[in-house]
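1. Kindly return the folded structure for what I paste below:
(one chain, ligands or ions: 1)
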Amino acid sequence: MKKITLKVNGKKTKHELDPEEPLLYVLREEFKLSGAKYGCGLHQCGACMVLVDDQAEPTCMNSCEYFEGKDIETIEHLSQNNKLHAVQKAFFEAQAAQCGYCLNGMLISAVALLRNIPQPNRLQIKDALQQVICRCGTHVRFIRAVENAIA
Ligand code: FES
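-> Got it, this is the predicted structure:
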C-alpha cells in the first residue's frame, strides 16, 4: 500500500492505495463514481476514459490498466449547476449514442479535444474519437454532434 494524494473532480483526498490497482477500480469503489465503465480491461476500448489535468496539456486516458495522473476529472463532473456540458447537450440533441456503453469514452475524448483545440476540424475530431470503440457503429453521429457543439 502507498499513500497517495489524488484530486478527483476538484476535491483533494489522501488515500492509501495499492499502486497496482487500476485507477478505474479506485474511482468506482472508493469514490463511488461509476461513470467510467469497464469494457475490455486492456487499454483498448476507451469505456473507462477519464480526464487528466496534471500533464503538460489536459488530456484523457484509459483508467483500466494504469494508475497514472493525480488530477482526475470524471464524467460526473462535466455538468455543473444542473447544466449539461456543451458536448453532453450536443450528444443528447443528436441522439448520438445507441446502446450507450461507449458514451463515457466519447464524451471524455471530445471534451479533452475541445480543451486543447477549441475549434477542431473533422479530421481532428475523428482522431480524438477513434480511441473509443463503439460497438453499435455510431461514430458518425458522435462526430457530427461534436461539430454541432462547436458551431
Ligand atoms: Fe479500459 Fe477498455 S476498459 S480501455
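2. Please point out which parts of stretch 105-116 sit buried.
-> Residues 105, 106, 107, 108, 109, 110, 111, 112, 113, 114 are the ones in stretch 105-116 that count as buried (16 or more other CB atoms under 10 Å). All C-beta spots, glycine's among them, are computed from the backbone N, C-alpha and C.
3. Quick one: check that stretch for contact with the ligand.
-> No. Using CB under 6 Å from any ligand atom, stretch 105-116 stays clear of the ligand, coming no nearer than 7.8 Å.
4. what does the average pLDDT come to for that stretch?
-> Computed over stretch 105-116, the mean pLDDT rounds to 96.
5. wait, what's in contact with whichever residue of the chain sits closest to the ligand?
-> Here the chain gets closest to the ligand at one residue, residue 64, 3.0 Å apart by CB to the nearest ligand atom. Applying CB atoms under 8 Å, 6 or more residues apart in numbering to residue 64 gives the contacts 22, 23, 24, 38, 39, 40, 41, 42, 43, 48.
6. The residue lying closest to residue 31 once chain neighbours are set aside and residue 72, how far apart?
-> Once flanking residues are discounted, residue 31 sits nearest to residue 8: 5.6 Å by CB to CB, 6 or more residues apart in numbering. The gap separating residue 8 from residue 72 is 5 Å, by CB to CB, to the nearest Å.
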